[in-house]
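Novice: Structure for this input, please:
(chains A and B, ligands or ions: 1)
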Amino acid sequence: MSTSLEELQRAFQEFLLGGDATAIRARVTGTERVPADTRLGIYAHAYSARLLEVLADNFPAVHTLLGDEAFAALARAYLDAHPSEFRSIRWFGNRLPAFVGTTGPWKEHPVVAELARFEWLLRDAFDATDAVVIGEAELAALAPEAWPGLRLEFHPSLRRLDLHWSVTAFWQAVENDEDPVAPERAEHPVGWLIWRRDLTQYFRSLEVSEAWALDRAREGANFSDICEGLCEWVDAANVAGYAAGALKRWLADGLLTGLETGD
Amino acid sequence: MPSRPYLGFGLGLRPDHYQAILDSDPPVDWFELLSENYLVPGGKPLHFLDRICERFPVVMHGVSLSVGSTDPLDRDYLADLRTLADRARPHWISDHLCWTGIDQRNLHDLLPLPYTDEAVLHVAGRIREVQARLERPFLIENVSSYVSYQHSLMSEWDFLSAVAEEADCGILLDINNIYVSSVNHEYDPGEYLAGVPVERVWQFHLAGHSDHGDYIIDTHDHPIVDPVWNLYADAVRRFGAVSTMIERDDAIPPLEELLAELDQARRIAAEADPTGDAGKSDMAAP
Ligand SMILES: [Fe+2]
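Specialist: Residues are numbered from 1 along each chain as shown, chains lettered A, B, ... in the order given. Just a heads-up that it's a prediction; the model follows:
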């Protein structure tokens, strides 16, 4: 049979993606010892096993939450729905959080999507762009009249999410090889912050007011706009001190990479 | 191609060993880094890469070039590789004689090519473009395979050699892959070695595999087995002093274990090479 390179590759790929071996089977040879179907089976197995393994590596807590069997079923469904278009396998799991949030049976359990999202953002923070953070000195050097117009620059590894479920505690237990407690649902979602400092990822929860201020500051609001908005939670007399306190905490956390005074 | 540099005995750089490498300054002549691991925005991978490249000669080894695919070459990938090469300053860059997907899909596997004239011309033309874009020596590596195609017209070694000649590139000869494929396809691995042009082989890979009885799977999760050591000795006899390294990708042991395996490679090379150059580490790094 004459086969162009392109026809051959299409036949092989069709087989790996969809399992239909007809076209490729006609183009490969086997031996008495190892028949052609066994040989093709090695590739089919390797394809799904490799991608399942990388999902298990990237989502260890989702894996623990679901158990081996259910996680393998999820990985197969995800692989069918979103075959990789990434040059590096590192990004293959990119759509898994959205997939479990919108596809049955997982979407009936929103805790799965929250945990997946948390794990993926941690992964994101791991190799996000580097940046030099500022220290106390930069803040101290700021003239008092510069404060109202002050805007902040944040570390590129910073990620924000709101979680209804106690998935961070679950993740931590899995990470520490402890028996995780099933995540519980809080009445109101809690704001969380993920970032990398030096080579380590950190995460912590946020008060509602701090989450609001951080989100506005990341959108480019200046210090006086933020103070005004914070009046919803804080007395007008104390709001500047409160906002400055939050800012100092962000600085101490290593979240700030620049101060912009607009001059 | 320029004449080949000799780097001595190296290891595949793996994140598990980053800290041990920096702390212990191990007797490793050079490292091979997996390009894809460092094509990320920042963080730990690039932090350690910079520190290791300061102290050791390196080469870059990729898995995503898909040089045999009938899709267009991924020029963004080549641009990123070039940027990484400017940072890491590798002696050369390698990838596999295979395809990894078409229609923009990536199957993340090193799939075999048919051994035809069409494939030789296709791959060689693409390697020429890769070399022009990277402006570094480029080596193509033989993969382990489990199927043969009906319309293949030549042996794997004739195919590999024809591609390297036509593209004017170097060869990374994976000794374990030759052994694995020789068992899977029932040919004589010695014939393979004899069919590859000596001056084109710049690097050897050594690795372990999983023996399933009727066939062998290239898993890089075990120590190197005796038949592969024997084939390595044959390869040193034929090719002389070729930069040699061990690949371990799974069940990664402590660094000391790989150093012991690397010493075994040094001993075998020293015994096999009559000129005595192949066992030496100290003529490394041109
Ligand atoms: Fe290899």
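Novice: Centroid-wise, who is the farthest residue in chain A?
Specialist: Ranked by distance from the centre of chain A (CA atoms, centre = their mean), the top residue is residue A:32, with 48.3 Å.
Novice: Quickly find the element holding that one.
Specialist: For residue A:32, there is no enclosing helix or strand under DSSP states H and E.
Novice: Check the one 10 residues further on too.
Specialist: Assigning secondary structure by DSSP H and E places residue A:42 in helix A:36-58.
Novice: Show me what counts as buried in that helix.
Specialist: Residues of helix A:36-58 classed as buried by neighbour count (16 or more other CB atoms under 10 Å in any protein chain shown): A:36, A:38-40, A:42-43, A:46-47, A:51-52, A:54-56, A:58. No exception for glycine: its C-beta is placed from N, CA and C like everyone else's.
Novice: Could you report the separation of the residue farthest from the centre of chain A from chain B?
Specialist: For residue A:32, the distance to chain B (CB to the nearest CB, to the nearest Å) stands at 10 Å.
Novice: how near is that residue to residue B:146?
Specialist: From residue A:32 over to residue B:146 the distance is 16 Å, taken as CB to CB, to the nearest Å.
Novice: Would you agree residue B:109 falls within a helix?
Specialist: No - checked against DSSP: H, G, I helix; E, B strand; the rest coil, residue B:109 lies outside a helix; its state is coil.
Novice: Please, where are all the strands along the chain?
Specialist: This is for chain A. Per DSSP state E, chain A carries strands over the ranges A:28-29, A:151-154, A:159-165, A:185-197, A:200-206, A:256-260.
Novice: not what I meant, chain B
Specialist: Counting by DSSP E, the strands of chain B are B:9-12, B:30-34, B:58-61, B:93-96, B:138-141, B:148-149, B:170-174, B:201-206, B:210-211, B:216-217, B:243-246.
Novice: right, is the first one up against the ion?
Specialist: No - counting by CB under 5 Å from the ion, the ion has no neighbours in strand B:9-12; the shortest distance is 8.8 Å.
Novice: Low-confidence bits of the chain, can you list those?
Specialist: Assuming you mean chain A. Where chain A drops to pLDDT under 70, the residues are A:1-2, A:263.
Novice: should've been chain B
Specialist: Ranges of chain B meeting pLDDT under 70: B:274, B:276, B:282-286.
Novice: Please list the residues of it that sit near the ion.
Specialist: Residues of chain B lying near the ion (CB under 5 Å from the ion): B:174, B:205.
Novice: swap the cut-off to 8 Å and go again
Specialist: Contact residues (CB under 8 Å from the ion) of chain B with the ion: B:61, B:96, B:141, B:143, B:172, B:174, B:176-177, B:205, B:207, B:218, B:220, B:247.
Novice: of those, closest to chain A?
Specialist: When these are ranked by distance to chain A (CB to the nearest CB), residue B:218 comes first, at 9.7 Å.
Novice: now the strands of chain B in CSV, with mean neighbour count?
Specialist: Compiled in CSV, the strands of chain B are given as follows (neighbours: other CB atoms under 10 Å in any protein chain shown):
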stretch, mean neighbour count
strand B:9-12, 23
strand B:30-34, 23
strand B:58-61, 24
strand B:93-96, 24
strand B:138-141, 24
strand B:148-149, 21
strand B:170-174, 25
strand B:201-206, 24
strand B:210-211, 14
strand B:216-217, 18
strand B:243-246, 26
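Novice: Go through those strands and name the closest to residue A:93.
Specialist: Closest to residue A:93 of the strands of chain B, according to CB to CB: strand B:30-34, at 18.5 Å.
Novice: Which stretches in the chain count as helices?
Specialist: Answering for chain A, as no chain was given. Remark: helices assigned in chain A by DSSP state H are A:5-18, A:22-25, A:36-58, A:60-66, A:68-81, A:96-102, A:110-126, A:136-140, A:167-175, A:208-219, A:223-230, A:239-253.
Novice: actually it's chain B I care about, not the one you picked
Specialist: Going by DSSP H, chain B shows helices at B:18-24, B:44-55, B:75-88, B:117-134, B:156-167, B:175-185, B:189-194, B:226-239, B:255-272.
Novice: Next, the buried residues of stretch B:151-163.
Specialist: B:151, B:152, B:154, B:156, B:157, B:159, B:160, B:161, B:162, B:163.
Novice: Please tell me how far the closest residue to the second one other than its chain neighbours sits from residue B:135.
Specialist: Okay, so that is residue B:152. With sequence-adjacent residues excluded and distances taken as CB to CB, 6 or more residues apart in numbering or on different chains, residue B:152 is closest to residue B:115, at 4.0 Å. Look at residue B:115 and residue B:135: by CB to CB, they are 30 Å apart.
Novice: Out of the helices of chain B, the one nearest residue A:199 is which?
Specialist: Among these, helix B:44-55 comes nearest to residue A:199, with 4.8 Å by CB to CB.
Novice: so the residue nearest to residue B:152 makes contact with residue B:154?
Specialist: Yes - contact criterion CB atoms under 8 Å: residue B:115 and residue B:154 qualify, at 4.7 Å.
Novice: Would you mind listing the buried residues in stretch A:19-36?
Specialist: By neighbour count on 16+ other CB under 10 Å, the buried set for stretch A:19-36 is A:21, A:23, A:24, A:27, A:28, A:34, A:36.
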